[in-house]
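J.: this one's sequence-less:
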């Protein structure tokens, strides 16, 4: 069984600014704790459900940012004999947990909004306006801090989405506050709560789906097994490629495991040479950076590409 890592490129981008990532998360956590406390007090005093729902949402943000921060720290821990992959999946689990909480929070908000629709109440709008402005500024700042990492990392993306939905929620609450102040339209409070909730479900669902794919070891969407088999079988002296597993460990690593049948009973040095070619092909054509090949010659095993083992 030969196992090979082409490591040169996997670590270059993930470790260039780990401390910055952590620092940005800490700043966002502190800002969000501030907003949450202010909004809970404000929501209770003013009687605004959309403020309280925004506070609940902010609180879930604080939790999710803390989860993201811990995951970010764990990812840096070294592998050991008890944990041969280290904590490389911590960030994917964090993304999964965060996406799931987004949806749970949304369901609670929908329930609250429906109750408030049936029973609208007067709201002290001045407080709502000022606190929503605080929310917009603090969340806007956090969103800008995390934006850069959100593109390349599922965990940071989950934190970023929480904050972005927060900022939009605060904008909605501000509009609601203004409408209540100048037009006494109190049902808008419930309508906004509902809108915030539906948006949360929409954002959370995609992330939940993506992180579930990784946790379930599904083949990444961009990779087609038949194409890989074809590409490897084109190499000379290879007769057949079978028993394939492809999975994503985290956002930087995609693993391929396969059995390869050779036409002749070749020497190990020749196999190493061919292995180098296989690695090049799968890395350049499919972005797979960890390859594990079992060489075979006339072995009477199942030659199916996907084996139910």
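T.: Perfect, thanks for sending it. Predicted model, so just to flag it, every value in this text is computed and none were measured.
J.: where along the chain do the strands fall?
T.: Taking DSSP state E as the test, the strands found in the chain are 2-5, 238-248, 254-262, 290-296.
J.: from the contact counts, what lies against the longest one?
T.: Right, strand 238-248. In terms of contacts (3 or more Cβ pairs under 8 Å, 6 or more residues apart in numbering; DSSP states H and E), strand 238-248 is packed against helix 225-233, strand 254-262. Any C-beta I mention is one placed from the backbone N, CA and C, and that applies to glycine too.
J.: now the strands of the chain as CSV including mean neighbour count, mean pLDDT and distance to residue 173?
T.: Formatted as CSV, those follow (neighbours: other Cβ atoms under 10 Å; pLDDT from 0 to 100; distance: least, Cβ to Cβ, whole Å):
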stretch, mean neighbour count, mean pLDDT, distance to residue 173
strand 2-5, 14, 57, 50
strand 238-248, 18, 95, 38
strand 254-262, 20, 96, 42
strand 290-296, 19, 96, 47
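J.: put together a markdown table for those, with distance to residue 141 on each row.
T.: A markdown table is the format used below for the strands of the chain (distance: least, Cβ to Cβ, whole Å):
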| stretch | distance to residue 141 |
| --- | --- |
| strand 2-5 | 39 |
| strand 238-248 | 32 |
| strand 254-262 | 35 |
| strand 290-296 | 38 |
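J.: residue 93: neighbour count?
T.: 17 (other Cβ atoms under 10 Å).
J.: also residue 132?
T.: Count around residue 132 with other Cβ under 10 Å applied: 27.
J.: could I get the helices and strands packed on strand 238-248 in TSV, plus columns for distance to residue 122?
T.: Shown next, in TSV, are the helices and strands packed on strand 238-248 (distance: least, Cβ to Cβ, whole Å):
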stretch	distance to residue 122
helix 225-233	61
strand 254-262	57
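J.: circling back to that earlier point, out of the strands of the chain, which is closest to residue 177?
T.: Nearest of the strands of the chain to residue 177, taken as Cβ to Cβ: strand 238-248 at 44.2 Å.
J.: pairing partners for that closest one, with directions?
T.: Here strand 238-248 is paired, per DSSP bridges, with strand 254-262 (antiparallel).
J.: next, the angle from the partner strand to helix 225-233.
T.: Strand 254-262 and helix 225-233 meet at an angle of 50 degrees, taking axes from the mean of the first three to the mean of the last three Cα atoms, to 10 degrees as the criterion.
J.: distance from the chain centre to strand 254-262, please.
T.: Per Cα atoms, centre = their mean, to the nearest Å, the displacement of strand 254-262 from the mean C-alpha position of its chain is 28 Å.
J.: hang on, the earlier thing: mind checking which of the strands of the chain is nearest residue 276?
T.: When the strands of the chain are compared by Cβ to Cβ, strand 2-5 sits nearest residue 276, at 8.3 Å.
J.: distance of residue 104 from residue 237?
T.: Separation of residue 104 from residue 237 (Cβ to Cβ, to the nearest Å): 55 Å.
J.: just residue 147 next, same as before
T.: 49 Å.
J.: now do residue 46
T.: Going from residue 46 to residue 237 by Cβ to Cβ gives 76 Å.
J.: ok, those two, which is more surrounded?
T.: The residue with more neighbours, out of residue 46 and residue 237 and counting by other Cβ under 10 Å, is residue 46; that gives 25 against 13.
J.: where in this structure is pLDDT low?
T.: 1-18, 309 (pLDDT under 70).
J.: domain assignment for it?
T.: 2-215, 225-296 (automatic domain parsing).
J.: which non-adjacent residue is nearest residue 68?
T.: With sequence-adjacent residues excluded and distances taken as Cβ to Cβ, 6 or more residues apart in numbering, residue 68 is closest to residue 159, at 4.2 Å.
J.: and for residue 181?
T.: Nearest-residue entry for residue 181: residue 125, 3.9 Å, with adjacent residues in sequence omitted and distances by Cβ to Cβ, 6+ apart.
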